[in-house]
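*Asks:* Attaching a predicted model along with its sequence, questions to come.
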Amino acid sequence: MTALLSALVLASVFATPPSPSAPAQCSSALAQVAQVAQPSFNGGGFTSQSFCIADCGDLNAPVSCTGNTCSAVDQSQTCPAGPGSVTCDGQTTYCAACCTSGFRNVTTGPTCSCEDGASTPKDRYQCSNGLWVYQYSFCGAPFCPIWP
């Protein structure tokens, strides 16, 4: 039974997204939706649920939900006017807020792990149209003490 359930879930996840007449739709090419068969504990058999996920950009985790109906809008489709989101059964979960301007450095490895042994690897992002966009990687502060 477990193998059958696993096969049904996997088959449904990799299936073609539902047609526009189906209750679950996504608003952009990157947003994803899948019909997932789940066991019904109150009447036996399986029920169909929709799973939606929205991409929230390079520096933010995606948001997702499962429900009878769902929709998703990727952050890239809504920023800078507002964040992306998923909505399942009328409940909406939003991505982190869109950026407004500036640069952001993100540490990408252990402190003092650059080849010079005295700095830390970082990625540089720039705010562009409300989204953090990767620019380049570099080694930089915090600088580590160099012991003799």
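*Replies:* Nice, thanks for sending it over.
*Asks:* Can you verify my assumption that Pro80 contacts Asn129?
*Replies:* Yes: Pro80 is within contact range of Asn129, at 6.0 Å (criterion: Cβ atoms under 8 Å). Heads up, the C-betas are built off the backbone N, CA and C, glycines and all.
*Asks:* Neighbour count for the two, which is higher?
*Replies:* Pro80 (15 against 10; other Cβ atoms under 10 Å).
*Asks:* Give the full set of residues in contact with the more buried one.
*Replies:* 98, 100, 129-130 (Cβ atoms under 8 Å, 6 or more residues apart in numbering).
*Asks:* Am I right that it sits in a helix?
*Replies:* No: judged by DSSP: H, G, I helix; E, B strand; the rest coil, Pro80 forms no part of a helix; its state is coil.
*Asks:* pLDDT score for the residue nearest to it when sequence neighbours are not counted?
*Replies:* For Pro80, ignoring the flanking residues on the chain, the nearest one in space by Cβ to Cβ, 6 or more residues apart in numbering is Gly130 at 3.1 Å. On pLDDT, Gly130 comes in at 92.
*Asks:* ok so, going back, derive a ChimeraX selection command for the buried subset of the contacts of Pro80.
*Replies:* Per 16 or more other Cβ atoms under 10 Å, the buried members of these correspond to this ChimeraX selection:
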select :98,130
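*Asks:* and which of the contacts of Pro80 is nearest to Ala141?
*Replies:* Thr100 (24.4 Å; Cβ to Cβ).
*Asks:* in what helix or strand does the closest one lie?
*Replies:* Element membership for Thr100, per DSSP states H and E: none, as it lies in no helix or strand.
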